[in-house]
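S.K.: need a structure here:
(chains A and B)
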Amino acid sequence: MKRLWALAINTFREAVRDRVLYSILFFAVGVLALSLAIDDITIGDQAKVVRSVAQGSVDVFGSIIAMFLGVSVIHKELERKTVYTVLSRPLPRWIFVLGKYAGLMLTVLVEVTVLVVVYSGFMLIRGDPPDLTLFVSMLMLVVELALLTAWATLFSAYSAPTTAAAFTLAVFVIGHLADDIWLYGKQADAESVRSVARALYWGLPNFEVFSIREAAVHKDAVPWDRIGPGILYGFGYTVAVLGGAMAIFQRKDVK
Amino acid sequence: MAADAPAIVATSLRKVYRSGFWMRPYVGLDSLDLRVERGEIFGFIGPNGAGKTTTIKILMGLHRATSGEAALFGSDHRDPASRAAVGFLPERPYFYQHLTARELLRFYGQLMELPDGLLKQRSEALLERVDLVRFADVPLRSYSKGMLQRVGLCQTLLHAPDLIVLDEPMSGLDPLGRALVRDLILEERARGCTVFFSSHILHDVETLSDRVALLVGGRQRGIGTLDELLGGRVRHVEVRVSHVPEAFAQRWDVALAHEEAVIHVAPDQLSDVLGHAHALEVQVSSVHPVRQTLEALLLDEVDRARPVDRKQMGVLA
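M.R.: Next comes the predicted model:
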């Protein structure tokens, strides 16, 4: 446990000392602030539009930071050869992968917390205080980011950051379009298209499982019937993907 | 860890790499047999690409051997626990640039699960020993190569290991840095630690090592004490002669410009030279056998291995 914590804290420390992370975070805060300005140029239910844009910003920037950190997490260690003096210790490789992942998730958690605090602050200033649904939707966002980060870690275990970023982005996009892909596959005439749609749907995650964004934007009650299964799905899938990353890294020669 | 097992044992260790689009196989290490006893300083020499770093990476769990066995203190090297009493310094010091020396040592100490008090005490003592206390809170990104190597030595020795493995520890260091590494190696041996190190600087290997293994083209070409490797081997014999007649000069390629000349002859030619000198009444003032040096031995072995290298180290047909 001490070793896992040491790896996680070191990864977290490395991330928070990276100026690029701050640039993304400041940009995210800027976009959140701009969402307030939308108030003046929006017709209709202004509060909903503002909440929608702000919540979307948190989702998008949370995902960008998770991908940005995840796609290089293992490769950077290999490229900079810092891994030599870590793996040469009595440390099973799976602990190394888990420690790096835990450090990333700590960073993502802190970053989402910052964005949620800023978001909530803005909403309070607007006289539209955040409700429970918002916080539960942010919890589900963290579950989604945990899975996305696990995929990025998996790709980082065997490919360069550019390739890993392309793969992770593909998983992210397909994962958010999973329900549409399923419907499209069902309606397609060609068997080949149906097969590809089925393979994508069952082979890759469905990130919409985690989304209760609509309820949060409309300030509806928390759809509790979706929360438990969503968390279980995310946890199980994350464990499986991380297991894959560990299996790949276990056999890798450190060049 | 077996109580009386050797520090390192490798048996028929082999590593085949695959590279390029067609994944063509290359033999990086071929049938290495090695035994390093506890408490000795063992030098590992060979030209670039000989397989030294490959061997070290396999022992340190960074590479997987294609075949063969290796053990550290009697434990299978594939088991991470076998490295509990091992300290490793890689060829170039690669450390987390965002950390300071103190933070880095704390990180490595936590990976070794050292108690906090002991970790702090060992860190400070080592930073003091390598004269880095003044810079201990400066991020490593601003360190020179020599300073990084000193931090590297600290992390190697942090947990007071029973075996230290150093890959080219003197490479690129100034004389002071090399002296520090030499002193630390000798101090560690005096503590009872086994030292296994590779080096291109053969003088250091000759000065420090109890035993040496010579690796060329992925194959071991010699192993033993310096006396065993060099003692019985005379590279050539210097014969100092004077009053040389033309017949002698022509046969043994002696320049007649000077009254006295030195002939370099192979050991097996010595009796012919002396016999011929005696017959022609040439004065022989001295006969001096020139012993093999480690460098000469290395060069000889590289020359000898070349035809084999092309088959063994090249693409396997």
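S.K.: confirm that B:Asp30 sits in a strand.
M.R.: Yes - applying DSSP: H, G, I helix; E, B strand; the rest coil, one finds B:Asp30 inside a strand.
S.K.: nearest residue to it in space, please, no chain neighbours.
M.R.: Spatially, and ignoring its direct neighbours in sequence, B:Asp30 is nearest to B:Gly218 (4.4 Å; Cβ to Cβ, 6 or more residues apart in numbering or on different chains). (Glycine included, C-beta is placed from N, CA and C.)
S.K.: spell out which residues of chain A are next to chain B.
M.R.: Neighbours of chain B within chain A, by Cβ under 8 Å from any Cβ of the partner chain: A:2-3, A:5-7, A:10, A:13-14, A:17-18, A:80-93, A:251, A:253-254.
S.K.: among these, name the ones in strands.
M.R.: Nothing among the residues of chain A next to chain B maps onto strands, per DSSP state E.
S.K.: just the buried ones out of the residues you listed, please.
M.R.: Among these, those scoring as buried are A:3, A:6-7, A:10, A:13-14, A:81-93, A:254 (criterion: 16 or more other Cβ atoms under 10 Å in any protein chain shown).
S.K.: still on that earlier bit, ok, the residue nearest to B:Asp30 - contacts?
M.R.: Neighbouring residues of B:Gly218 by Cβ atoms under 8 Å, 6 or more residues apart in numbering or on different chains: B:15, B:27-30, B:50-51, B:54, B:312-313.
S.K.: okay if I get those as TSV plus distance to A:Asn206?
M.R.: Below are the contacts of B:Gly218 laid out as TSV (distance: Cβ to Cβ, whole Å):
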residue	distance to A:Asn206
B:Lys15	43
B:Val27	48
B:Gly28	45
B:Leu29	47
B:Asp30	51
B:Ala50	53
B:Gly51	49
B:Thr54	45
B:Gln312	53
B:Met313	51
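S.K.: farthest-apart pair in those residues, please.
M.R.: B:Thr54 and B:Gln312 (13.8 Å; Cβ to Cβ).
S.K.: the two: which has the busier surroundings?
M.R.: Between B:Thr54 and B:Gln312, counting by other Cβ atoms under 10 Å in any protein chain shown, B:Thr54 is the more crowded of the two (23 against 16).
S.K.: element containing A:Asp225?
M.R.: Using DSSP states H and E, A:Asp225 sits in helix A:224-250.
S.K.: buried sites along that helix?
M.R.: Counting neighbours by 16+ other Cβ under 10 Å, helix A:224-250 gives A:226-227, A:230-231, A:233-234, A:237-238, A:241-242, A:245-246, A:248-249 as buried.
S.K.: identify all contacting residues around whichever strand or helix holds A:Ile24.
M.R.: Using DSSP H and E, A:Ile24 sits in helix A:19-41. Helix A:19-41 is contacted from outside by A:15, A:46, A:49-50, A:53-54, A:57-58, A:61, A:64-65, A:68-69, A:107, A:111, A:114-115, A:118-119, A:122, A:125-126, using Cβ under 8 Å, 6+ apart.
S.K.: out of those, which sit inside helices?
M.R.: The helices, defined by DSSP state H, take in A:15, A:46, A:49-50, A:53-54, A:57-58, A:61, A:64-65, A:68-69, A:107, A:111, A:114-115, A:118-119, A:122, A:125 from the contacts of helix A:19-41.
S.K.: quick one on the thing from earlier: pLDDT (mean, whole number) over the helix holding A:Asp225?
M.R.: Averaged over helix A:224-250, pLDDT sits at 93.
S.K.: just checking, what packs against that helix?
M.R.: helix A:93-125, helix A:132-156 (3 or more Cβ pairs under 8 Å, 6 or more residues apart in numbering or on different chains; DSSP states H and E).
S.K.: how about those in JSON lines, adding mean pLDDT?
M.R.: Supplementary listing: those in JSON lines, determined by pLDDT from 0 to 100:
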{"stretch": "helix A:93-125", "mean pLDDT": "91"}
{"stretch": "helix A:132-156", "mean pLDDT": "92"}
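S.K.: pick the most deeply packed of these.
M.R.: Among these, judged by mean count of other Cβ atoms under 10 Å in any protein chain shown, the one packed with the most neighbours on average is helix A:132-156 (a mean of 24).
S.K.: against which helices or strands is it packed?
M.R.: Counting by 3+ Cβ pairs under 8 Å, 6+ apart, helix A:132-156 packs on helix A:46-70, helix A:93-125, helix A:161-176, helix A:213-217, helix A:224-250.
S.K.: and residue 30, how many neighbours does it have?
M.R.: By default, I'm working from chain A. For A:Gly30, using other Cβ under 10 Å, the count is 11.
S.K.: if you could check chain B rather than the one you did, that'd help
M.R.: When neighbours are counted by other Cβ under 10 Å, B:Asp30 comes out with 21.
S.K.: wait, what's in contact with it?
M.R.: Contacts of B:Asp30 (Cβ under 8 Å, 6+ apart): B:14, B:51, B:217-219, B:312.
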